[in-house]
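Engineer: Here is a sequence together with a model predicted from it:
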Amino acid sequence: MTTIDSTRLLSRSVPFSPPNITEEEIAEVVDSLRSDWITTGPKTRKFEQEFAACVQAPAALAMNSCTAGLHVALATLGVGRGDKVLTTPMTFAASVNVIEHVGATPVLCDVEPDTLNIDPGEIEKKLTPDVEAIVVVHYAGHPVDLDPILEMARAHDIAVVEDAAHAMPAAINGKPIGSHGNLTAFSFYATKNITTCEGGMLTGDPALLERARVLHLHGMSKDAARRYEKGGNWRYDILAPGFKYNMTDVAAAMGRVQLRRMDEFQQRRLEIVARYDEAFSQLPEVEIPTVRDGVQSAHHLYVLRLETERLRISRDDFVLALADLGVTASVHFIPVHVHPFYRDTYGYQPEDFPVAWNAFMRMLSLPLYSRMQDADVEHVVAAVEQVVRGHRR
């Protein structure tokens, strides 16, 4: 183990997850700004096609966020008032908020102890005739065990929607997330593995995505690019009370370059994760993330779980101690069922989902991003080792 001295503290600070943007992305954005088209147009269409090819999806629809993609997915499937939707408490609130937005009732299912993904066994316990959909979340980049969930969904004639905000590029037995035929929403938020600043993508069956395309832009029969292209017509119809969820060509320009750099980004994440695993597997005071056989994780987050019985420090104080050593850590996530709205609306207690609650009380996410230098990685390793050494029982 190494010790961080005061000189290093003053000279290095490791942020949590800054984006990796080069002159190539900047040039593409500038090209869009200098063109005649900055909102949804030709670059957005190209980004959709390239993204669909990358994840082997039948089709793709660019959105202004992953949340928008999830909302449109449920609306496209006709999920609404009187319906129930099964999902996980171990996610950002957006995954569950969209269920409320369409008027349905979220029903939470606890997670698996190793991956922290939704537990298929818990889903089976909560299947009732009024369940219309299951929203699975590929937590931290590790794919959900889809096979048993899809089997249950087929048996009960219910839809599966994938929240793949963390899952670019993840795969199960070589099959990319996004290629399983379900409506699947990806995120390009600033901290994600690829970014468009804000943005997302919805993939799935082309017929469903045509309905989603109408809903994602005011319910219009055709967007501006189609109306004003050569041979187009200004007239349009409102086919449904839709939303304002479209991506701009400025964002798509950035996204197309980021997509081309995806392999580079993922290789660097794998190198960082390997170094973290090597170092932290030697510390009995922490539990490193699980990656199951046959799984390619996107490694969006590196989540340590503290073995609190071996330490004289709480998770919150551990995060503060890392900050004092120049390392920005975070926590992903506060379980949905303890947020005031969901707690008060549905009468949840923290222990109602014991696996999720126990994990939350012990977890913290370390810096992990593709432009991280070796010296940054070693600084994080040394900081964690130093906090553990100073507070072990």
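Structural biologist: Yes, it's here.

Engineer: Any regions of the stretch 1-150 of the chain where pLDDT drops low?
Structural biologist: Counting by pLDDT under 70, the ranges of the stretch 1-150 of the chain that qualify are 1-11.

Engineer: where along it do the helices fall?
Structural biologist: Secondary structure of the stretch 1-150 of the chain (DSSP state H, counting those that start in this stretch): helices at 6-11, 23-33, 42-54, 66-76, 94-101, 120-125, 146-156.

Engineer: among the ones you listed, which is nearest P169?
Structural biologist: helix 42-54 (7.5 Å; CB to CB). Heads up, the C-betas are built off the backbone N, CA and C, glycines and all.

Engineer: related to what we said a few turns ago, select, out of the helices of the stretch 1-150 of the chain, the one closest to D110.
Structural biologist: Closest among the helices of the stretch 1-150 of the chain, using CB to CB: helix 120-125, at 4.9 Å.

Engineer: export the helices of the stretch 1-150 of the chain to CSV and tack on distance to G200?
Structural biologist: What follows is the helices of the stretch 1-150 of the chain, written out as CSV (distance: least, CB to CB, whole Å):
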stretch, distance to G200
helix 6-11, 38
helix 23-33, 18
helix 42-54, 10
helix 66-76, 4
helix 94-101, 10
helix 120-125, 25
helix 146-156, 20
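
Engineer: which one of these has the most crowded surroundings?
Structural biologist: The highest average neighbour count among those, using mean count of other CB atoms under 10 Å, belongs to helix 66-76 at a mean of 27.

Engineer: Report all helices and strands that whichever strand or helix holds D163 contacts.
Structural biologist: Following DSSP states H and E, one finds D163 within strand 159-164. Helices and strands touching strand 159-164, by 3 or more CB pairs under 8 Å, 6 or more residues apart in numbering; DSSP states H and E, are helix 66-76, strand 131-137, helix 146-156, strand 183-187.

Engineer: for the record, mean pLDDT for that strand?
Structural biologist: For strand 159-164, mean pLDDT is 99.

Engineer: same thing with stretch 381-388?
Structural biologist: 98.

Engineer: Now the residue nearest the centre of the chain. Nearest residue, chain neighbours left out?
Structural biologist: Nearest to the geometric centre of the chain sits A165, at 2.1 Å (CA atoms, centre = their mean). Nearest residue to A165, sequence neighbours excluded (CB to CB, 6 or more residues apart in numbering): S187, at 3.7 Å.

Engineer: Report the contact partners of the one you found.
Structural biologist: S65, C66, A164, A165, H166, M168, G199, G200 (CB atoms under 8 Å, 6 or more residues apart in numbering).
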